[in-house]
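1. Sequence isn't available, so here's the structure alone:
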């Protein structure tokens, strides 16, 4: 997803009396750490595939895997690192005009360094590259519990 920086932060206007309680921005160190792990995996898979195919130049799989993930990381960094989600007393507001009423959130769970938010209609949203994903998950769970949004 390529976007202009302004589109990677919430653009949905607040309702009268609504207030932002927390903001969740992407963490730079987490972004680069995740890409380092992806590069290591891509290098291993590339080398494994070349070895399985009997290619005598197995090392080129490492170069290809590293290059692919590095290009991806540098290409997406400006957008992904400018992404922000805002939690209000009523909704979760995200990039691209996303606005999720707390009463519509069915489940919140960790997924790698991201927090996945699943709505009652089945929509899934990722709050990516969170340094403290467990803390974000707990905060969302707590907020949903206080708002009565949590199913029992």
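-> Right, received. Where do you want to start? Since this is a predicted model, take the numbers as computed values, not measurements.

2. Look up how far residue 143 lies from the closest residue to residue 112 other than its chain neighbours.
-> Computed as C-beta to C-beta, 6 or more residues apart in numbering, the closest residue to residue 112 that is not its neighbour in sequence is residue 34, at 6.9 Å. Where C-beta positions appear, they are placed from N, C-alpha and C, glycine not excepted. Relative to residue 143, residue 34 is positioned 26 Å away (C-beta to C-beta, to the nearest Å).

3. helices or strands up against the strand or helix carrying the residue nearest to residue 112?
-> Taking DSSP states H and E as the definition, one finds residue 34 inside helix 28-52. For helix 28-52, the elements it packs on are helix 59-80, judged by 3 or more C-beta pairs under 8 Å, 6 or more residues apart in numbering; DSSP states H and E.

4. Okay, buried residues for the helix or strand following the helix it packs on please.
-> Scanning forward in sequence from helix 59-80 by DSSP H and E, the next helix or strand is strand 84-88. Along strand 84-88, these residues count as buried under the neighbour rule (16 or more other C-beta atoms under 10 Å): 84-88.

5. Within the sheet, what are the partner strands of the helix or strand that strand 84-88 is followed by, with directions?
-> The helix or strand immediately downstream of strand 84-88 is strand 91-93, counting by DSSP H and E. As defined by DSSP bridges, the strand partners of strand 91-93 come to strand 84-88 (antiparallel), strand 99-101 (antiparallel).

6. now for those strands, which one comes closest to residue 134?
-> Proximity to residue 134, assessed across these by C-beta to C-beta, is greatest for strand 84-88 (15.8 Å).

7. Listing request: residues of this protein with sub-threshold pLDDT.
-> Counting by pLDDT under 70, the ranges of the chain that qualify are 1-6, 146-152.

8. From the domain annotation, what segments belong to each domain of it?
-> Per the record, the chain has its domains at 28-79, 84-152, by automatic domain parsing.

9. How far off centre is the first one?
-> Centroid displacement of domain 28-79 relative to its chain, using C-alpha atoms, centre = their mean, to the nearest Å, is 20 Å.

10. same thing with stretch 85-100?
-> Stretch 85-100 has its average C-alpha position 14 Å from the chain's average C-alpha position, going by C-alpha atoms, centre = their mean.
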